[in-house]
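# return atomic coordinates for the entry below.
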Amino acid sequence: MRLDTADLFERVRLLATAEERNRIARDMHDGVAQEIVALGYLVDEISDLSNEPEVRTTAETLRGELTRVVTELRFSIFDLRHQVADTHLSGALSEYVRQLAQDADFQVNLMLDVSGPTLSQRAETQLLRIAQEAIGNVRKHAHASSVWVTLCTDGSDVLLQIEDDGVGNAAPKERHWGLQTMTERASSLGATLDVSPRPGGGTTVRLARGNPPWALSPTTEGELHEHHSAVGR
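Numbering: from 1, shown residues only. Modelled structure (predicted):
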C-alpha cells in the first residue's frame, strides 16, 4: 500500500507539473509571443514610412532580432509542451528529435539501446529535460552541422550523451543556469553529468548513472556513430 501510495503521489505530482508547463506554454504563446509579433509589424511600418537609409537599416536589423526572439520562443514553447507519455523516454526522445529536425539547421542522429525494466516516469522526464537543454544549447550557441544523441539503459544503469561538431567552448559560463539545472537534474537521479570538449571539435554532454557497460572509449564512440540513425535536417 505504501508503494502504491508513493507511486500515485508521484503520478499526481508529474501530472500537475505537466499541466503547469502547458499553462506557461499557452501564456507565452498568447501573450509575449503575440506582443513581439505586433512589434514586428510596427517596425515594418516605420521602415515603410521613412526614406532615411539609416532608419531603414536600423529597422531591418531590429526586425531580424525580433524574428530571432520569436523563433527562440517557439522552440521554448515546443520544449515546454513535449512530455514523456505512454511511449516512454525512447519514444518521447525520438519524437522530439524528429520534430526538432524539421526546423533546426543541423542534422540530428539518434541511437537508442534500451532494455530491461522501464525507468520511473520521474527519471524519464528528468532525462528528457536534460536532453532538451543540451540540444537547445547546441541550437543556440554551437553553430554545429551534426548532433549525436545516445541513450543506453538496462532499466537501472543509464548513459545519456549529446555530442555536437560545433565551435566547442564547453567550459561553464558565469550565471549559466541551464548547465546548473542539468547538473541538479542529474544529481536527483543519482547520476553524474560531465561537459567536455569533443575530440575533433564541438562539445560532449554525458550523463551516467551506475556502471553502464556503454562507458564509451574512442573506439566504441566511433562504432556508435556508425549506428546512429540520421533523423533529418
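# okay, now Pro212: neighbour count?
If you count neighbours by other Cβ atoms under 10 Å, Pro212 ends up with 19. Glycine gets a C-beta too; all of them are placed from N, C-alpha and C.
# for Leu49, same thing?
Applying other Cβ under 10 Å, I find that Leu49 has 10 neighbouring residues.
# and what of Glu65?
12.
# next one: it from Ile36, what distance?
10 Å (Cβ to Cβ, to the nearest Å).
# also Asp48?
From Asp48 to Ile36 the distance is 19 Å (Cβ to Cβ).
# more neighbours: these two, which one.
Between Asp48 and Ile36, counted using other Cβ under 10 Å, the more crowded position is Ile36 (14 against 9).
# that one touches Leu66, doesn't it?
Yes: in this structure, Ile36 is within contact of Leu66 by Cβ atoms under 8 Å, at 5.8 Å.
# now do the SS call for Gly155.
coil (DSSP: H, G, I helix; E, B strand; the rest coil).
# what's near enough to touch it?
Contacts here follow Cβ atoms under 8 Å, 6 or more residues apart in numbering; on that basis Gly155 touches 115-119.
# do that again at 6 Å, thanks
116-117 (Cβ atoms under 6 Å, 6 or more residues apart in numbering).
# next, it: phi, psi?
Torsion angles at Gly155 (phi, psi; degrees, to the nearest 10) stand at phi 90, psi -10.
# and the helix or strand hosting Leu42, what does it pack onto?
Taking DSSP states H and E as the criterion, the element that holds Leu42 is helix 34-49. Using 3 or more Cβ pairs under 6 Å, 6 or more residues apart in numbering; DSSP states H and E as the contact test, the elements touching helix 34-49 are helix 53-81.
# model confidence over the helix it packs on, on average?
On average, the pLDDT along helix 53-81 is 76.
# Val108: what secondary structure?
Of the three states, Val108 takes strand under three-state DSSP.
# tell me how far it lies from Ala186.
Distance from Val108 to Ala186, by Cβ to Cβ: 22 Å.
# quick one, which of the two is more surrounded?
Val108 (26 against 23).
# wait, isn't the more buried one in contact with Val147?
Yes: contact criterion Cβ atoms under 6 Å: Val108 and Val147 qualify, at 5.1 Å.
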